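K.L.:
Here is my input; please provide its structure:
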Amino acid sequence: MRVSEAMSRDVQVARPQDSIQTVARRMAEIDVGSLPVCDGEKLQGMITDRDIVVRALAEGRSFETPVSEVMTAEVEYAYADDDLDEAADKMAEAQIRRLPVIDQDRRLVGILALGDLTGKVKDRTAGQTLEEISEPSTRM
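P.N.:
Below you'll find the predicted structure:
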């Protein structure tokens, strides 16, 4: 099965110039912990609730700080035609719950969330992937 068969195509995004307060409010409204950051249609990074807390609030930045100043620029992603099992492995290894899906021009075309994997991955269950995502990281 391909990533395109499981991903969500209706994706909420943040823009690089959006304030962290605006993005935090949007994340709360749609009940997610991360959003892709796109300049137009192109993926620029991801903003997470942890980015907002650790890179912005803990450093005493203003609520008006642009997302581009605190987002994670180097992000894991998948292509729509990637194998779904391989994408699940990537999510488990990187310990992420939402994987942006891009096309060959780096345009965002969807998002693969942990819930999208339920009943669709061959060698593991979504629960096993969640277990691996939730394990304490040895990375610093």
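K.L.:
helix/strand/coil for the residue in the chain sticking out farthest from the centre?
P.N.:
Computed with CA atoms, centre = their mean, the residue of the chain farthest from its C-alpha average is G60, at 24.7 Å. Three-state assignment for G60 (DSSP: H, G, I helix; E, B strand; the rest coil): coil.
K.L.:
what residues are up against it?
P.N.:
With CB atoms under 8 Å, 6 or more residues apart in numbering as the criterion, no residue contacts G60. All C-beta atoms are positioned from the backbone trio N, CA, C, and that covers glycine.
K.L.:
and it, what are its phi and psi?
P.N.:
Per-residue torsions, G60: phi 80, psi 20 (degrees, to the nearest 10).
K.L.:
ok, residues contacting stretch 29-36?
P.N.:
For stretch 29-36, the surrounding residues in contact (CB under 8 Å, 6+ apart) are 11-14, 23, 26-27, 43, 45-50, 96-98, 100, 108, 111.
K.L.:
chain center to that stretch, what's the gap?
P.N.:
In terms of CA atoms, centre = their mean, to the nearest Å, the centre of stretch 29-36 is found 9 Å from the chain centre.
K.L.:
Going forward, count from 89.
P.N.:
In the new numbering, first residue 89, that becomes stretch 117-124.
K.L.:
Check which residues of it are buried.
P.N.:
Buried residues in stretch 117-124, counted by 16 or more other CB atoms under 10 Å: 120, 122-124.
K.L.:
Just put those residues in TSV and tack on pLDDT, secondary structure and distance to L205.
P.N.:
Converted to TSV, the buried residues of stretch 117-124 look like this (pLDDT from 0 to 100; DSSP: H, G, I helix; E, B strand; the rest coil; distance: CB to CB, whole Å):
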residue	pLDDT	secondary structure	distance to L205
V120	93	coil	16
S122	95	strand	16
L123	97	strand	20
P124	97	strand	18
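K.L.:
could you point out where this protein is predicted with low confidence?
P.N.:
Across the chain, the ranges flagged by pLDDT under 70 are 207-228.
K.L.:
Identify the bridge partners of the most centrally placed residue in it.
P.N.:
Central residue check for the chain by CA atoms, centre = their mean: the C-alpha nearest the mean position is that of R186, 4.0 Å away. For R186, the beta-bridge partners under DSSP bridges are A201.
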